[in-house]
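1. Here is a sequence together with a model predicted from it:
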Amino acid sequence: MENKWNDSDAKAAIEKYKGVSEDIALRVYTSRLIGADPALVLHGGGNTSVKSRTHNKVNEEVDVLYVKGSGWDLDTLEPPGLPGVLLDYLRKLRDLDKLSDEDMVNEQRTHLLDASSPNPSVETLLHAFLPHKFIDHSHADASLIIANQPDAEKICKEIFGDSIGIVSYIMPGFALAKASAEVYEKNTNVEGLLLINHGLFTFGDTAKESYERHIRAVTLLEEYICKSQLKPLTSVEGPALEAGEEVLMNALAPLLRGLYKEQMGKNWVVHHRVDANAKAFASSKECETWSQIGTATPDHVIRTKQKPLLLNLKQWEDPGKLREEVLQALNDYCESYHKYFETNKSAKGVDKTELDRLPRVILVAGLGLVTIGKTVKETGISADIYQHTIDIVHKSFSVGTYKPLDSSDLFDMEYWSLEQAKLGKAKAPPLQGKIAYITGAASGIGLATARLFAEQGANLFLADVSQDKLSEAADLIRKKSKVGVVAQVLDVTDESAVRQSFEKMVQTFGGIDILISNAGNAVQGAIGEMDMKTLRASFELNFFSHQVLASEALRLFLIQKTGGVLLFNASKAAFNPGKNFGPYALPKAAVVALTKQYALDYGGHGIRSNAINADRIRTALFSEEVLKERAAARGLSADDYFKNNLLQEEVYDTDVAQGFLNLALAEKTTGSIITIDGGNIAASPR
């Protein structure tokens, strides 16, 4: 493993964080070095600390432990992510015979320097009970390969001699902290501790020393592992293995989204991690047993559950039979999870509420690693963790075997209140987990709608013909929200390209919930004098593209079997056409009819179809030439033209976006045309 310490970077960190002590600045610097390497930690895993001195409000000098706080990741750590706790008091806790987890958290919080700080790490006492100034803890892949060997202590002696102490598995908390301190005190010359089934600690008098000891220890572990030849995997057989990843994902992902929603009543995102090693593992006979043993480190259980669901699809070409096959596999998994819960709950005599039973990781022969979660972030975390788990498990069996914690210990971790707190309990936004496909998304109404839907939690597939503007729009939304965003340059009149875009959306998110068919362009001319080529082109863009998009969305809606929303951007022109505006008004009138037809034909499937009749919005639809002509025809200035309505108020693209959001959330509304124009009786439907 590469040692990434750099003296210049360390000095730069001290300068960057000159508002805090040098100890904290260097603690942040090396924490980020560790966090930046996924072979060391993943998504909130690991923790670091530094012991320092400061003055309290009455100017007394006090010893303080600054330790990584809950909710912070090492790769993005900042000084506020290192809550300071009074060290002398923490050390006094070691004299206690026992300390519950809840009391431990309380004692830590009541001795913070700043009451607004995040909760200190659940392993704060371990850091406190060791004397070293800097301490680094990771779940390095190499450490887990060895720590999950049944003879891990013997192997560690061979690798490290007496330079690393060995701590038997104990669940994180007070007892582990005391045991770790006792192991250190038996040999104070050790440079670190290997916690069986857990991970690696190193320490030192300086940030550099602790970090370099960590890298050196991981390197020695990696060198030992590399001496063993990787065991070849034996491929399974099955009709799906030759189908192709995209074909399997297109068949499976929308189905999974629907089945999960049926069972949990929430919206789900399906992610396929494209990775050759994961595909080979999922398609192997070894996977059938190796994947079912357990997690590489205990806290992974809250992200991946104890084990993945395995699928070797036999009926992937028949949608009906595929649904039956996958549903049976899910039911079997859920039954197994329920048995695991009841067995451990009874054996431990505890009163716990069962979590949902659905798998978060699915290994599919011929496809590979698939993860499912309520957000794109969740699916990414699960995929990252299990991608590393596959490598850890495979190499473990090459070194010797793989013996992680059993289901009893994993149950304790999965249902541990301090571990569940990592998942957060914030109220979900109304569109969380939903997937919205928006055309004309680079500007105007489309962009305003995309931004609003992202604020409400929807993952976005954005399509537009303008590459530069679309890229800018996507980047803007990514910076301001945490949802998934995919941007696709697309001509919506190209049927083949539209179909491919829906396939890309399925590959990324798993399906669709909302289509906002918004792209269009105003074409002018007296209808009797309009050449047919121009008129047909207007119909292709302003009508037929809506039909192609809607039919593609419908195909996925019917697979998911959880309803769906079609939203069209119609126009005032559909009800109240203007002179010489027929080439635009006619296809828009057809869009209104299309909206109602989808409502009629597919309402029985829970699919809602609505449209917005907007008028006089400052968008790219109104080129300078069109605007001048429309305003002049009414004897108005440009500004007065936009305010020429009953309310005498200009209507903005954000108003139309709000209308689309209202319709997306209006679960009992279909076949409706909503007017957003400031008031125009001639253009209002019934």
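-> Noted; the coordinates are in hand.
2. low-scoring stretches of this structure, by residue?
-> Across the chain, the ranges flagged by pLDDT under 70 are 419-425, 621-623, 686.
3. now the lengthiest helix in it: how far from the chain's centre is it?
-> Counting residues, the longest helix found in the chain (DSSP state H) is helix 319-348. Distance, stretch centre to chain centre, for helix 319-348: 24 Å (CA atoms, centre = their mean, to the nearest Å).
4. Count the neighbours of residue 59 for me.
-> Residues lying near residue 59 (other CB atoms under 10 Å) number 6. All C-beta atoms are positioned from the backbone trio N, CA, C, and that covers glycine.
5. With residue 231 instead?
-> 12.
6. Checking it next. Helix, strand or coil?
-> Following DSSP: H, G, I helix; E, B strand; the rest coil, residue 231 is assigned to coil.
7. Quick check: closest non-adjacent residue to it.
-> residue 398 (4.9 Å; CB to CB, 6 or more residues apart in numbering).
8. does the one you found really touch residue 230, like I thought?
-> Yes: look at residue 398 against residue 230 with CB atoms under 8 Å: they come within range, at 5.0 Å.
9. ok, those two, which is more surrounded?
-> Taking other CB under 10 Å, residue 398 and residue 230 do not tie; residue 398 has more neighbours (18 against 13).
10. tell me the phi and psi of residue 613?
-> phi -100, psi 90 (degrees, to the nearest 10).
11. any idea how far residue 325 is from it?
-> Residue 613 is 45 Å from residue 325, where distance means CB to CB, to the nearest Å.
12. More neighbours: those two, which one.
-> Between residue 613 and residue 325, residue 613 has the larger neighbour count (other CB under 10 Å), namely 26 against 18.
13. Test my guess that that one contacts residue 568.
-> No: Residue 613 is beyond contact range of residue 568, at 9.9 Å (criterion: CB under 8 Å).
14. hey, where'd the strands end up in the stretch 51-200 of the chain?
-> 61-67, 84-86, 134-138, 164-167, 192-195, 199-204 (DSSP state E, counting those that start in this stretch).
15. From one end of stretch 555-572 to the other, what's the distance?
-> 29 Å (CA to CA, to the nearest Å).
16. Now residue 241: closest residue in space that isn't a chain neighbour?
-> residue 366 (4.1 Å).
17. Just give me the neighbour total for that neighbour.
-> Neighbour tally, residue 366, other CB under 10 Å: 23.
18. how far away is it from residue 177?
-> Counting by CB to CB - residue 366 and residue 177 are separated by 46 Å.
19. quick one: contacts for the one residue sitting closest to the centre of the chain?
-> Most central in the chain under CA atoms, centre = their mean is residue 377, positioned 1.1 Å from the mean C-alpha point. Each residue near residue 377 by CB atoms under 8 Å, 6 or more residues apart in numbering is listed here: residue 482.
20. On the three-state scheme, it is what?
-> helix.
21. circling back to that earlier point, who touches the residue nearest to residue 241 in this structure?
-> 238, 240-243, 245, 248, 279, 282-283, 312-313.
22. ranking the residues you listed by neighbours, who comes first?
-> Counting by other CB under 10 Å, top hit in the contacts of residue 366: residue 282 with 26 neighbours.
23. Tell me if I'm right that it and residue 387 touch.
-> No: counting by CB under 8 Å, residue 282 stays clear of residue 387, with 11.3 Å between them.
24. Between the two, which contacts overlap?
-> residue 369.
25. mind giving me the domain split of this protein?
-> 7-226, 239-423, 435-618+652-677 (automatic domain parsing).
26. okay if I get those domains as JSON lines plus distance to residue 684?
-> Shown next, in JSON lines, are those (distance: least, CB to CB, whole Å):
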{"stretch": "domain 7-226", "distance to residue 684": "50"}
{"stretch": "domain 239-423", "distance to residue 684": "34"}
{"stretch": "domain 435-618+652-677", "distance to residue 684": "5"}
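27. Out of the ones you listed, the one nearest residue 639 is which?
-> domain 435-618+652-677 (10.1 Å; CB to CB).
28. Give me the distance between the two termini of that closest one.
-> 28 Å.
29. mind saving the C-alpha coords of the helix or strand containing residue 641 as PDB?
-> Under the criterion of DSSP states H and E, residue 641 resides in helix 638-642. Extracted as PDB, the C-alpha positions of helix 638-642 are listed here (Å, rounded to 0.1, in the frame of the first residue of the first chain):
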ATOM      1  CA  ALA A 638     -42.900  42.400 -24.500                       C
ATOM      2  CA  ASP A 639     -43.300  42.900 -20.800                       C
ATOM      3  CA  ASP A 640     -47.000  43.700 -21.100                       C
ATOM      4  CA  TYR A 641     -47.500  40.700 -23.300                       C
ATOM      5  CA  PHE A 642     -46.300  38.400 -20.500                       C
END
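30. May I see the buried residues of the next helix or strand after that helix?
-> Note on helix 638-642: by DSSP H and E, the next helix or strand toward the C-terminus is helix 653-665. Going by neighbour count (16 or more other CB atoms under 10 Å), the buried part of helix 653-665 is 653, 655-657, 659-661, 663-664.
31. is it true that residue 119 touches residue 110?
-> No: if you go by CB under 8 Å, residue 119 and residue 110 don't touch, sitting 11.8 Å apart.
32. between these two, who's got more neighbours?
-> residue 119 (16 against 11).
33. Quick check: closest non-adjacent residue to the more buried one.
-> residue 70 (4.3 Å).
34. In this model residue 121 seems to touch that neighbour, though I could be wrong.
-> Yes: here residue 70 reaches residue 121: they are 6.7 Å apart, a contact under CB under 8 Å.
35. higher neighbour count, those two?
-> Legend: neighbour count by other CB under 10 Å for residue 70 and residue 121, higher for residue 121 (24 against 18).
36. looking at it, the more buried one is touching residue 68, isn't it?
-> Yes: using CB under 8 Å, residue 121 is in contact with residue 68, at 5.2 Å.
37. Any buried residues in stretch 505-513, and which?
-> 505-513.
38. actually stretch 313-320, not the one I typed
-> Quick answer for stretch 313-320 (16+ other CB under 10 Å): 313, 315-316.
39. now do stretch 205-219
-> Applying 16+ other CB under 10 Å to stretch 205-219 flags 207-218 as buried.
40. Same check on stretch 159-167?
-> 159-160, 163-167.
41. what's the closest of these to residue 337?
-> Nearest member of these to residue 337, counting by CB to CB, is residue 167, at 30.4 Å.
42. I'd like the distance between that closest one and residue 178.
-> 11 Å.
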